[in-house]
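Chemist: only geometry, no sequence info:
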């Protein structure tokens, strides 16, 4: 139903955690090598569960689900058991076999594209939400998010989502911050721990109105909430490509008026189709690199062959491809290699100036081409194109570090 969001080209998620003041703040929970303290507390939790009445675990339950609850409870066993019981009671009441309710069908909450790291983007129209009771909204919200977790998110690679809440055009919102609403926000943090990468609140009111809501959240959850006034919406493009955003968010996609369900594939034709390069690099020690090159050029009668080789840190070839290069091309037509903007830290100081690795493109028969074909000196090209990437610190200790 919503398989279009899944991508065949999976990118590395980077560092699976950050450690701040000795505390583990994890952003990846599945298919990971646990820290010793995590494994130790997980074993203690399982032993403690033997001494209580059996719990009804969902069939897809795994150790990573225990780890999420442990992490939320700061690895305290007694509190973890208490929260685990609440979580399972909530989880077992969600049925994805039923069709979605009117909250999903009418676009109160809907999916629209993905961010630069392929995290699905969820839009919440609060003006529409006010027409429903909070309980109805909670049912639609839980349905949509659990469907994404089950069918779209990919263990280790993509484990979280982006949420945009549109508060614009609302004249009065003070009545929204009720005790019931605050409890709902707190329950979302507990039940979806590590599932929300960023929550953008688009508003034309003062941020202080949300202080009550923020105070019930853990510090790492508070850091994920970003308030944006409509005049600053261009900042969304740092997280999400414009071709994945609607016009109302200063994107390139038309605003959705009807047919919110099921989600539809977006038309994302790029302005420049001649050549497209995406470079995906792991954050943790930059141990791998993947270079994808797409070129649309007319057939040529005279060409030379280039061999593309990508090396990892151990100087092992992890990708090797052959490409034709037009002799008549000038150096201005060579591909310009640029890092994808979604791998640039919000804190530029997080980069190290020491290059770690390079990618070389070498002509196979360089000498032969120089003797036979390259008589015109203006057509000579360098035999090597070197791409050097700067090392990014795998973890940053500032509060701006974005956690999945």
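Modeler: Alright, I've got the coordinates. Values in this document were obtained by computation on a predicted structure and should not be read as measured data.
Chemist: Could you report the separation of residue 263 from residue 151?
Modeler: Between residue 263 and residue 151 the distance is 11 Å, computed by CB to CB, to the nearest Å. (C-beta placed from N, C-alpha, C; glycine too.)
Chemist: Over to residue 213?
Modeler: On the measure of CB to CB, residue 213 and residue 151 end up 30 Å apart.
Chemist: Between these two, point out the one with more neighbours.
Modeler: residue 213 (18 against 13; other CB atoms under 10 Å).
Chemist: Report the separation between that one and residue 140.
Modeler: Taking CB to CB, one finds residue 213 at 20 Å from residue 140.
Chemist: for residue 53, same thing?
Modeler: Look at residue 53 and residue 140: by CB to CB, they are 32 Å apart.
Chemist: Who has more neighbours out of those two?
Modeler: Counting neighbours by other CB under 10 Å for residue 53 and for residue 140 shows that residue 140 has the greater number, 22 against 6.
Chemist: The more buried one: which element?
Modeler: Using DSSP states H and E, residue 140 falls within helix 134-151.
Chemist: Residue 225: what's it in contact with?
Modeler: 198, 199, 201, 214, 217 (CB atoms under 8 Å, 6 or more residues apart in numbering).
Chemist: The same query, at a cut-off of 10 Å, please.
Modeler: Shown in contact with residue 225 (CB atoms under 10 Å, 6 or more residues apart in numbering): 163, 165, 196, 198, 199, 200, 201, 207, 210, 213, 214, 217.
Chemist: Then residue 145?
Modeler: By CB under 10 Å, 6+ apart, the neighbours of residue 145 are 94, 109, 120, 122, 153, 161, 163, 188, 191, 192, 195, 196.
Chemist: pLDDT score for it?
Modeler: What the model reports for residue 145 is a pLDDT of 97.
Chemist: how much space between it and residue 168?
Modeler: 23 Å.
Chemist: can you give me the strands in this structure?
Modeler: 17-20, 23-26, 109-114, 120-125, 161-166, 196-202, 225-228, 275-281, 289-295, 303-311, 317-326, 351-363, 385-392 (DSSP state E).
Chemist: Who does the third one pair with, and is each partner parallel or antiparallel?
Modeler: In the sheet containing strand 109-114, its partner strands are strand 120-125 (antiparallel), by DSSP bridges.
Chemist: any idea of the angle the partner strand forms with strand 196-202?
Modeler: Strand 120-125 runs at 30 degrees relative to strand 196-202, counting by axes from the mean of the first three to the mean of the last three CA atoms, to 10 degrees.
Chemist: can you count the residues close to residue 183?
Modeler: What residue 183 shows, counting by other CB under 10 Å, is a neighbour count of 12.
Chemist: residues touching it, list them.
Modeler: So residue 183 contacts 134, 216 (CB under 10 Å, 6+ apart).
Chemist: does residue 44 really touch residue 50, like I thought?
Modeler: No: the pair formed by residue 44 and residue 50 falls short of the contact definition of CB atoms under 10 Å, at 11.1 Å.
Chemist: Which of those two has more residues huddled nearby?
Modeler: Neighbour totals were compared for residue 44 and residue 50, and residue 44 leads with 14 against 7 (other CB under 10 Å).
Chemist: How about the more buried one: what's its closest non-neighbour residue?
Modeler: residue 77 (5.6 Å; CB to CB, 6 or more residues apart in numbering).
Chemist: can you tell me which residues contact that neighbour?
Modeler: So residue 77 contacts 41, 44, 45, 47, 48, 49, 70 (CB under 10 Å, 6+ apart).
Chemist: hmm, back to that, out of the contacts of residue 145, which comes closest to residue 229?
Modeler: residue 163 (17.6 Å; CB to CB).
Chemist: shaky segments in this structure?
Modeler: 1-22, 169, 171-174, 204-207, 268-404 (pLDDT under 70).
Chemist: can you pull out the helices in it?
Modeler: 36-49, 63-72, 77-91, 102-105, 126-129, 134-151, 179-191, 211-215, 219-222, 366-372 (DSSP state H).
Chemist: could you redo these as a markdown table and give each row distance to residue 245?
Modeler: Formatted as a markdown table, the helices of the chain follow (distance: least, CB to CB, whole Å):
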| stretch | distance to residue 245 |
| --- | --- |
| helix 36-49 | 37 |
| helix 63-72 | 29 |
| helix 77-91 | 32 |
| helix 102-105 | 20 |
| helix 126-129 | 18 |
| helix 134-151 | 18 |
| helix 179-191 | 23 |
| helix 211-215 | 25 |
| helix 219-222 | 24 |
| helix 366-372 | 45 |
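Chemist: Give me whichever of these is most buried.
Modeler: Neighbour counts (mean count of other CB atoms under 10 Å) averaged over each of those peak at helix 63-72, with a mean of 21.
Chemist: For that one, enumerate the helices and strands it packs against.
Modeler: strand 23-26, helix 36-49, helix 77-91, helix 179-191, helix 219-222 (3 or more CB pairs under 10 Å, 6 or more residues apart in numbering; DSSP states H and E).
Chemist: same thing but at 6 Å, please
Modeler: helix 77-91 (3 or more CB pairs under 6 Å, 6 or more residues apart in numbering; DSSP states H and E).
Chemist: now the angle between helix 134-151 and the helix it packs on, please.
Modeler: Using the same axes, to 10 degrees: helix 77-91 against helix 134-151 is 100 degrees.
Chemist: so helix 77-91 versus helix 36-49, what angle?
Modeler: When the same axes, to 10 degrees is applied, the directions of helix 77-91 and helix 36-49 differ by 70 degrees.
Chemist: Between helix 179-191 and helix 77-91, find me the angle.
Modeler: Put simply, helix 77-91 runs at 110 degrees to helix 179-191, going by the same axes, to 10 degrees.
Chemist: quick one: helix 77-91 to helix 63-72, angle?
Modeler: Using the same axes, to 10 degrees: helix 77-91 against helix 63-72 is 120 degrees.
Chemist: hmm, back to that, most neighbours among the contacts of residue 225, which one?
Modeler: With neighbours taken as other CB under 10 Å, the top of the contacts of residue 225 is residue 163, carrying 24 neighbours.
Chemist: ok, that residue - contacts?
Modeler: The contact partners of residue 163, by CB atoms under 6 Å, 6 or more residues apart in numbering, come to 122, 199.
Chemist: Buried ones in stretch 246-255, by neighbour count?
Modeler: 246, 248, 249, 251, 252, 253 (16 or more other CB atoms under 10 Å).
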